[in-house]
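> I would like the atomic coordinates for the input below:
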Amino acid sequence: MQFRFKRQLVLMWGLVIAGMIALASLARWNLDLSNRLTRLQAQVAAQDATLRLLTAPDTTIFDLAGEGIYRAASGRVYYNTRTESMTLIVQRLPRLEPDQTYQAWVVVDNKPVSAGLFSVDETGWAMVNVKAPHSEEGYAAIGVTLEPRGGSERPTTIVMQGGF
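Residues are numbered from 1 along each chain as shown. Sure, this is the predicted structure:
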């Protein structure tokens with residue numbers, strides 16, 4: 001009788017422990033799904049904002065042409081005059097070495113101002129929101145350069161450019 005009771009007690013504790021493990025696993029899975037959902041919602045919100053910029057009636061489109069050995073590359077800037085938001089889309093740019101980056105520039109008052117660093121995917125494509133400073137007189141040009149990792153204070157190797 002005692003042996004049977006001990007076996008039932010061990011079985012009961014085994015089921016309790018298995019249930020706790022299953023509950024902990026489900027809680028971890030739920031947390032992981034929740035984190036994924038939060039990331040996806042943020043991506044959708046960012047894409048929605050970009051889509052609104054790209055299709056807004058007060059958005060102007062400017063083309064960029066590849067220079068020199070980057071002649072096959074091209075780009076397009078979507079500039080919203082009301083919000084002064086810019087999105088840069090580039091294609092056919094060479095992939096970067098680990099110690100390199102692409103840097104976007106806007107020309108403001110005849111001076112190039114860094115508008116952000118970016119890289120491209122394996123096809124040479126990227127879409128980035130460009131951080132252009134406010135300018136009462138507007139922008140004269142926008143360009144992309146190839147720079148050392150971390151960027152440069154002044155443009156060096158011009159990859160593509162276009163005017164506003």
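> just confirm Ala45 is within a helix.
Yes: assigned with DSSP: H, G, I helix; E, B strand; the rest coil, Ala45 falls within a helix.
> show me what the worst-scoring helix or strand of the chain on mean pLDDT is packed up against.
Least confident helix or strand of the chain, by mean pLDDT, DSSP states H and E, is helix 2-55 with a mean of 81. On a contact count with 3 or more C-beta pairs under 8 Å, 6 or more residues apart in numbering; DSSP states H and E, helix 2-55 meets strand 74-80, strand 85-91. From N, CA and C alone the C-beta is placed, and that goes for glycine too.
> contact partners of the last one?
Contacts to strand 85-91, defined as C-beta atoms under 8 Å, 6 or more residues apart in numbering, come from residues 50, 53-54, 64, 73-80, 102, 104, 106, 115, 118, 120, 123-130, 132, 142, 144, 160.
> which among those residues count as buried?
Buried members of those, scored by 16 or more other C-beta atoms under 10 Å, are 50, 53, 64, 73-80, 102, 104, 106, 115, 118, 120, 126-130, 132, 142, 144, 160.
> give the bridge partners for the most centrally placed residue in the chain, please.
Compute the mean C-alpha point of the chain, and by C-alpha atoms, centre = their mean the closest residue is Val128, 6.3 Å away. Assessed by DSSP bridges, Val128 has beta-bridge partners Leu88.
> Val16 versus that one, what's the distance?
53 Å (C-beta to C-beta, to the nearest Å).
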